[in-house]
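*Asks:* coordinates only, sequence not included:
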């Protein structure tokens, strides 16, 4: 049988049931589309939203762990060495003539310096006093 012979048979079958077969589908006729929509949202969460949040968390951790002497690259492509770290800004030194720039922490794209030891707080240096 060809496709042209099958299509009229399918059309006759749906007309014979009256309402397109929704009564015969039972559970799937009433709740199937809702389950499919919820399933699509679950798949979108695990394929798109969750990895993006994980990447944002790693970038925030990298920006919070910046310290003096780190080599960084900004989102604008500027490469420099961190001279001073403040709450939400950095002072970096760029180029051979040692230009200094103040940038926001959110503008740091990557840090090329790898730290073996964790970031130390100034408050925890001397506990004997």
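*Replies:* Received the coordinates, thanks. Predicted, not measured: the structure shown is a model, and the values here were computed from it.

*Asks:* Would you mark the buried spots in the longest helix along the chain?
*Replies:* Among the segments of the chain that qualify as a helix by DSSP state H, the longest is helix 27-44. For helix 27-44, a neighbour-count test (16 or more other C-beta atoms under 10 Å) marks nothing as buried. (C-beta placed from N, C-alpha, C; glycine too.)

*Asks:* okay, now the domains of the protein?
*Replies:* What automatic domain parsing lists as the domains of the chain is 3-61, 67-114.

*Asks:* What is the end-to-end distance of the shortest one?
*Replies:* The reference is to domain 67-114. Terminal residues of domain 67-114 lie 11 Å apart, using C-alpha to C-alpha, to the nearest Å.

*Asks:* Now tabulate the domains of the chain in TSV and tack on mean pLDDT.
*Replies:* Output for these, formatted as TSV (pLDDT from 0 to 100):
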stretch	mean pLDDT
domain 3-61	75
domain 67-114	93
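
*Asks:* Let me know the secondary structure of residue 47.
*Replies:* Look at residue 47: counting by DSSP: H, G, I helix; E, B strand; the rest coil, its state is helix.

*Asks:* That one: neighbouring residues, count only.
*Replies:* Close neighbours of residue 47, defined as other C-beta atoms under 10 Å, add up to 9.
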